[in-house]
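Enquirer: Just to be clear, the model below is a prediction. Sequence and coordinates:
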Amino acid sequence: MKTPAIPHDSWLRKPAHLAWLADEGMRLLPFARAARVDQGFAALDASGRLPEHARAELIHTARMTHCFALAQIQGIPGHAELVDHGIAALQGALCDAEFGGWFADARCRGDKSAYLHAFVALAASSAAVAGRPAAPALLAEAIAILETHFWREEEGALRESLSRDWQREEAYRGANSNMHATETFLALADATGDEVWLLRALRIAERLIHGHATANGQVVVEHFDWQWQALPDYNEANRADPFRPYGSTPGHSFEWARLLLHLEAALQHAGLAVPEWLLDDACGLFARASCDAWNADGKPGLVYTLDWASRPVVRARLHWVHAEAIAAAATLLRRTGESIYEDWYRCFWEFSASYFIDLQNGSWHHELDSDNQPASSIWPGKPDLYHAYQAVLLPRLPLAPSLATALAAV
């Protein structure tokens, strides 16, 4: 696999742009530190404050721990203790000591989802790369839970969710949880040195992307029954669900495009067979998502969801969609050297800098309405560091190894 050179005039070659990315990362981190609570990390409001009765949640605790570990790996002081705080929460208040696995929040109840457990494993792997003393034990536990309860060898993918005691399974399969498992598996391969995680990531991608998305015109199919039959009408009555919306989600096409290229590079680095379709499908996913979602309602920005005729359904612009579009454009530019990806990379950053980045109150607005004004119908407040922070890191790094290991090698 020969990677063409990035164009000489690319922003990825500009010292000022790379410094701007680093500065934006340094601006994001202090805002996120305020999410700390006794039992982990909680959601912040739009001003960066903890709401009354804020509680630790697994999604924020795992993602914050991962991001603070990335900061620690870079040598940014003040984050080691925050990583340790996150690990302690994942080994304490949020951990199910009776049945194993993790609760969604500090109320210690509810089912256990593959989506959230993938983030626990990602956090543990990043903390281990950061050299935090308690991380290896957490990583071993997270891997054991994934392998024992979620990974289905006969399916080549993860089950979606199970009851607290692991006895009852949801009759559903989801692309979102398996997409984040793919990201986590790439990190696990680097953190453990075990190539089985690359092969599992490839099986997930082959099923969901080279199988279903390719057959659907390079549009990611999100929802399935337990036998992997597509459910195109899933959540039609709850179209703006933040995790399982109706229709297609262009942001996930961008995210998958990036992950396919990370997987391609990781397989090559490991000396394993590299399917040609990884690059082809990455290009196809990006082309379809950018064509269908950008300016879909006549105004700039990427809409949240589309129906199966590529018409806008939820017209809100979400920050994570644009962060993933940025990262995907940078990844494709680095892989192909083609100017179209430079154009999109600049376009997505110009839009995000103009509308999402909040220089007055900090962090990024998480949601804009169809007029590109701050909104909160889907994502109230500013609880998420993960997507924006990775968007300022990934363009500066090679396609492999995975994020934490790549930062450690710089």
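Expert: That came through fine.

Enquirer: measure the closest residue to Asp369 other than its chain neighbours to Gly247 for me?
Expert: Leaving aside its sequence neighbours, Asp369 sits nearest to Ala375 (C-beta to C-beta, 6 or more residues apart in numbering; 4.1 Å). Quick note: C-beta positions are derived from backbone N, CA and C, even for glycine. According to C-beta to C-beta, to the nearest Å, Ala375 stands 19 Å off from Gly247.

Enquirer: Which of those two has more residues huddled nearby?
Expert: The neighbour comparison of Ala375 against Gly247 (other C-beta atoms under 10 Å) goes to Gly247, with 25 against 18.

Enquirer: What does the pLDDT read for that one?
Expert: For Gly247, the pLDDT comes out at 97.

Enquirer: who are the neighbours in contact with it?
Expert: Counting by C-beta atoms under 8 Å, 6 or more residues apart in numbering, Gly247 touches 239, 305-308, 313.

Enquirer: swap in Ala316?
Expert: Here Ala316 is in contact with 240, 303-304, 367-370, 375, 377-378 (C-beta under 8 Å, 6+ apart).

Enquirer: ok, and the closest non-adjacent residue to it?
Expert: Using C-beta to C-beta, 6+ apart, the closest residue to Ala316 is Tyr304 (5.0 Å).

Enquirer: and if you look at Thr336?
Expert: In space, and not counting its chain neighbours, Thr336 is closest to Pro4: 6.1 Å by C-beta to C-beta, 6+ apart.

Enquirer: Please work out how many residues are found near the one you found.
Expert: 11.

Enquirer: Narrow the contacts of Gly247 to those that are buried.
Expert: 305-306, 313 (16 or more other C-beta atoms under 10 Å).

Enquirer: quick check, nearest of those residues to Val219?
Expert: Among the buried ones among the contacts of Gly247, Leu306 lies closest to Val219 (C-beta to C-beta), at 8.1 Å.

Enquirer: Surely the closest one is in contact with Gly251?
Expert: No - using C-beta atoms under 8 Å, Leu306 is not in contact with Gly251; the gap is 10.8 Å.

Enquirer: Check which helices and strands the helix or strand encompassing Asp343 sits against.
Expert: For Asp343, the host element (DSSP states H and E) is helix 339-351. Judged by 3 or more C-beta pairs under 8 Å, 6 or more residues apart in numbering; DSSP states H and E, the packing partners of helix 339-351 are helix 277-293, helix 319-336.

Enquirer: that older thread, any chance of JSON lines for the buried ones among the contacts of Gly247, columns distance to Ala69?
Expert: Below are those laid out as JSON lines (distance: C-beta to C-beta, whole Å):
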{"residue": "Thr305", "distance to Ala69": "32"}
{"residue": "Leu306", "distance to Ala69": "35"}
{"residue": "Val313", "distance to Ala69": "36"}
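
Enquirer: okay, the residues you listed in JSON lines with pLDDT, secondary structure and distance to Trp166 next?
Expert: Shown next, in JSON lines, are the buried ones among the contacts of Gly247 (pLDDT from 0 to 100; DSSP: H, G, I helix; E, B strand; the rest coil; distance: C-beta to C-beta, whole Å):
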{"residue": "Thr305", "pLDDT": "98", "secondary structure": "coil", "distance to Trp166": "32"}
{"residue": "Leu306", "pLDDT": "98", "secondary structure": "strand", "distance to Trp166": "36"}
{"residue": "Val313", "pLDDT": "97", "secondary structure": "coil", "distance to Trp166": "35"}
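
Enquirer: which residues touch the nearest residue to Ala62 once chain neighbours are set aside?
Expert: Leaving out its chain neighbours, the residue that sits closest to Ala62 by C-beta to C-beta, 6+ apart is Phe119, at 3.8 Å. Residues near Phe119 by C-beta under 8 Å, 6+ apart: 58-59, 62-63, 66, 180, 184.

Enquirer: Helices - which of the residues you listed land there?
Expert: If you go by DSSP state H, the contacts of Phe119 have 58-59, 62-63, 66, 180, 184 in helices.

Enquirer: quick one, helices of this protein?
Expert: Under DSSP H, the chain gives helices at 15-33, 58-73, 80-91, 114-129, 135-145, 175-192, 196-205, 214-215, 250-269, 277-293, 319-336, 339-351, 386-393, 403-409.

Enquirer: so which of those gets nearest Ala97?
Expert: Of all those, helix 80-91 sits nearest to Ala97, with 9.6 Å by C-beta to C-beta.

Enquirer: how about that closest one: buried residues?
Expert: The neighbour-count check on helix 80-91 (16+ other C-beta under 10 Å) flags 80, 82-91 as buried.
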